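**Q** The sequence and its predicted three-dimensional model are supplied below.
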Amino acid sequence: MRLEDLIGQARAAAVLRNAILRDRAAHAYLFRGPEGVGKSTAALLFAQALNCQRKTPSDLASACGECRSCTLIARGSHPDVRFVIPAGDSQTSVIPIDDIRRGFVYDINLKPAFGRYKIYILDPADRTAHLAIHTILKALEEPPPYVVTILVTALPASLPPTIPSRCQNITFQLAGIQAVEHHLLTLGLQPAAASSLARLSGGRIAWAVRAAARPEVLAARKAILDLCADLHRRPVPAGLRLAEDIKLHALALAATRRDAEAQAQADDETERAAPARSFRGDRVLRSELPWCLDVIVSWYRDLLAAPRGGALLNPDYQNLLNTGQGPRSPLQEDHAIRAILETRHSLQRNANIDLALESLAIKLLSGGD
Amino acid sequence: MPYLSLYRKYRPRSFAEVIGQRHVTQTLANAVKANRIAHAYLFCGPRGTGKTSTALALAMSLNCDKGPTPEPCRECEICGRIMAGSALDVFEFDAASHRSVEDIGEVLERVSLAPAEARVKVYIIDEVHMLSGTAFNAFLKTLEEPPAHVVFVLATTEPHRVIPTILSRCQRFDFHRVGVRDIEENIRKITAAEGIEIDEKAIAMLAHAADGSVRDSLTLLDQAFAYAEEAITPEVVTEILGGIEFDLLAEFTEVLLGRDISGALALIERVVGEGKDLRQLVEGLLWHYRNLLLLRVDRRGRDAIVLPEESVKRTAEQANSVSAEEIVRVLDLFAETDRELRFTSQPRLLLELCAVRICEPPKAAEAAAPAGRKEREAARKPAPGAPAEAEVVAEEVKEEAAGPVGLADLKRRWDEVLGGLRKERQGSVAAFLREAVPVGLEGDVVTLAFNHQFHYDQMMKGEERRKAAGDAIARVFRREMTVKYEMGTEPARAEGPGEQEEVKDYLSMFPGSELEEE
């Protein structure tokens, strides 16, 4: 894979390629942009390209992907390409300050072992221990000449402003819906499925590709949308079921994913201790819920857009959207959408899952009053 | 030699080269000349304004072989070493990664030793706000009375996090954001020296985007240079800023001015399809509407707009077709959306909601919605020349009144009741009732609770007052109702609850405004 193969990141790729071709790699980069658009992949590719030992003369900006340097980087064991990442893999784990000090701030003074550059990838740079990010300021600003630092973040606003100011900022953007759809088609997905997933992804290519490998995602989408449609035709029973059902769907999804992960782990023969895994269960469920809510929110968004001639996110539900609703005021949709977004947000901050979903169902049923 | 970033290559080396901080550099230069150097300085100011550079320039000025002089020669051994960062007597100490009391202790231990080669030992403590509390305290004594051969320079972006006992021991210099003109001049100089081709307009855009930081302007320039195939044009700068080109902003605005919601939705669809950042779009629209407002209220506003001539013309045309009130209304909505966008994973939805609200302004009857503050205010205005909106309200009342009435409806439309009273020239009754809250509704019996004994007594005194109130309620809900009056159980708030609260609300929206007694 080359930098320019990243979907929808032509601009970022061009800047990075030029930096390599003109031998003007900056000492510090900040890769910023939404989750799941390829920032981390780009950091890896850029590191490979900078240190590649066997570039093809026809394309000096890309790594060969096969030499010792490239393979070591891909495995994460290159001595000159250091990943400074959170300890632990939960949503809330942070990069400990000692890792930043030992793995970056002090380490930059040691010359590269055999690479041309010594590259540090802090990913995600916004998740460091309290105030620890300040410790990198000096090392970031005036490192020895062989150092290239890449900070990766989806939340640049949460870094102190002195950090972006010291870096070349490379902005990654969401891939267009059509680009995602096209890519899913090349992966061999059915056109209808590709269309639905691309719209649901909102342009986050990584999510779309992962979802494409899981048929249960589309099934859950359909079930949830059916529920939403029911909610307005037969409000009371459907409403009471909504919270419960969303959770069931998310649970089922989480279960299949957990099985898949456990399988992968067993294959790797790196089985973890059992208690650790049950803890991960709740986390997996929590990570499935946001997009279940995205499905619901897309429904209400379409209710708003349909009578106003906007393109639909769920074109396959066009008939249901257009019929049987009666006139609804935009304020109702407004309230509904805000309520869903709020729930999504609070779930990410560890709100009680059952309570949050039930309160959401009540809000949706009461129609905004 | 590997490539060096522009902002490191062109770091200022003397007081004269520091950009846009004359109030600091002049003072320091004079102090050097007069040989009246303080033992401790605190440099504060935003990123990229020259704090560390000035500190290094001070070190060179004091220690240059031909000095002390405000213009160090840069050729003598000591100047060279300070520039290379290898001088034995100039310590750059990074407080951010050495926060602990042990770290600062190590430095303090050696303060009393005489300088090895220079005249003065200079300690530059960068990011000083990061020192731990104990480290600060350990530092106090030395900072207050260091040996004669020592100068401390503390630099920080966040002076409010430095403890007051440190602040009071230093001469403090505040670095300001650098003006756009100065930054432009600097970019021109550097591009000329580097042989970079750059368009004048592009320079203006870079300087603008740097937001007062010289370092930001140079990282941006670096980026633009890395991206551009040949010359740096305004298009290149728009691209690297991830910004939204003017034409798109103008097109979007046209659609919104025409209140064409399907057009707006289609445009958002297109922007999302191209993968553009909606946050940037909203930010761009905010600027565009700000420009519209400038042109609308003041012809001379033109000068304050950083855009090519033809764009200004198009903006002016748009400005002429819309009222200032409408611009402000839309600006409010965009500003709110801009805030919300920071924390959302669904920027598209919020922008679409915003577009709907722009194209379909809420009607007076929906005044309960958050956007309805103005309508509520209108309904509350005193009777003379009752506003047109009041008429609208009356109209819609008739349409709505059919169904059963709940307590919520009563509360929501309470302002209408009061408005109706004023229209019937029953202002005093309205004033008393404003202090009351509908608390109950059973069948046709409305219960009103008062916060103050006085208002309650006044209502109980006059038969015709109660009748007027009953009539007003009946008019709004098209139904005869019996009204019960009682004293509220809520503890009475201090003077005039409702109104005072609301006035405060408004005041907080306009920082700096004061309430004037009539």
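**A** The structure has been received and is ready for your questions.
**Q** so where do the strands sit in the chain?
**A** Unless you meant another one, I'm taking chain A. Per DSSP state E, chain A carries strands over the ranges A:28-32, A:81-84, A:118-122, A:147-153, A:168-171.
**Q** look at chain B instead
**A** Under the criterion DSSP E, chain B carries strands at the ranges B:40-44, B:90-94, B:121-126, B:150-156, B:171-174, B:436-442, B:445-450, B:482-487.
**Q** could you redo the ones you listed as JSON lines and give each row mean neighbour count and distance to B:Ala202?
**A** Glycine gets a C-beta too; all of them are placed from N, C-alpha and C. Conversion of the strands of chain B to JSON lines gives the following (neighbours: other C-beta atoms under 10 Å in any protein chain shown; distance: least, C-beta to C-beta, whole Å):
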{"stretch": "strand B:40-44", "mean neighbour count": "23", "distance to B:Ala202": "31"}
{"stretch": "strand B:90-94", "mean neighbour count": "21", "distance to B:Ala202": "34"}
{"stretch": "strand B:121-126", "mean neighbour count": "24", "distance to B:Ala202": "32"}
{"stretch": "strand B:150-156", "mean neighbour count": "24", "distance to B:Ala202": "32"}
{"stretch": "strand B:171-174", "mean neighbour count": "16", "distance to B:Ala202": "31"}
{"stretch": "strand B:436-442", "mean neighbour count": "17", "distance to B:Ala202": "60"}
{"stretch": "strand B:445-450", "mean neighbour count": "19", "distance to B:Ala202": "66"}
{"stretch": "strand B:482-487", "mean neighbour count": "15", "distance to B:Ala202": "70"}
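**Q** Spatially nearest residue to the residue of the stretch 351-500 of chain B found nearest chain A, not counting backbone neighbours?
**A** Closest contact between the stretch 351-500 of chain B and chain A, by C-beta to the nearest C-beta, is at B:Val356 (5.0 Å). Leaving out its chain neighbours, the residue that sits closest to B:Val356 by C-beta to C-beta, 6 or more residues apart in numbering or on different chains is A:Pro330, at 5.0 Å.
**Q** Repeat that for A:Leu364.
**A** A:Ala336 (5.6 Å).
**Q** picking up where we left off before, TSV please, covering the strands of chain B and showing distance to B:Ala114 and mean pLDDT.
**A** Output for those, formatted as TSV (distance: least, C-beta to C-beta, whole Å; pLDDT from 0 to 100):
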stretch	distance to B:Ala114	mean pLDDT
strand B:40-44	19	92
strand B:90-94	14	86
strand B:121-126	8	90
strand B:150-156	10	91
strand B:171-174	24	91
strand B:436-442	79	78
strand B:445-450	81	82
strand B:482-487	83	80
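**Q** Redo those strands as CSV? Include distance to B:His23.
**A** Shown next, in CSV, are the strands of chain B (distance: least, C-beta to C-beta, whole Å):
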stretch, distance to B:His23
strand B:40-44, 12
strand B:90-94, 24
strand B:121-126, 20
strand B:150-156, 17
strand B:171-174, 8
strand B:436-442, 57
strand B:445-450, 60
strand B:482-487, 63
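**Q** CSV for those strands, including distance to chain A?
**A** Converted to CSV, the strands of chain B look like this (distance: least, C-beta to the nearest C-beta, whole Å):
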stretch, distance to chain A
strand B:40-44, 13
strand B:90-94, 4
strand B:121-126, 7
strand B:150-156, 10
strand B:171-174, 17
strand B:436-442, 16
strand B:445-450, 20
strand B:482-487, 24
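**Q** looking at these, which is closest to A:Leu155?
**A** A:Leu155 lies closest, by C-beta to C-beta, to one member of the strands of chain B: strand B:150-156, at 23.9 Å.
**Q** Partner strands of the closest one, with direction?
**A** The pairing partners recorded for strand B:150-156 under DSSP bridges are strand B:40-44 (parallel), strand B:121-126 (parallel).
**Q** For the stretch 301-450 of chain B, what lies in contact range of chain A?
**A** B:342-346, B:348-350, B:352-353, B:356-357, B:360, B:362, B:366, B:369, B:408 (C-beta under 8 Å from any C-beta of the partner chain).
**Q** thinking again about what came up before, quick check: which of the strands paired with strand B:150-156 is nearest to B:Pro159?
**A** Among those, the nearest to B:Pro159 by C-beta to C-beta is strand B:40-44 (4.0 Å).
**Q** domains of chain A?
**A** A:3-171, A:214-366 (automatic domain parsing).
**Q** Lowest average pLDDT across these?
**A** Sorting those by mean pLDDT places domain A:214-366 lowest, at a mean of 74.
**Q** what's the straight distance from one end of that domain to the other?
**A** For domain A:214-366, the first and last residues are 34 Å from each other (C-alpha to C-alpha, to the nearest Å).
**Q** can you pull the contacts of A:Leu251?
**A** When contacts are counted by C-beta atoms under 8 Å, 6 or more residues apart in numbering or on different chains, A:Leu251 touches A:Leu285.
**Q** for the stretch 151-300 of chain B, which spans come out with low pLDDT?
**A** For the stretch 151-300 of chain B, the stretches with pLDDT under 70 are B:242-243.
**Q** ok, the residue nearest to A:Leu364 to chain B distance?
**A** 10 Å (C-beta to the nearest C-beta, to the nearest Å).
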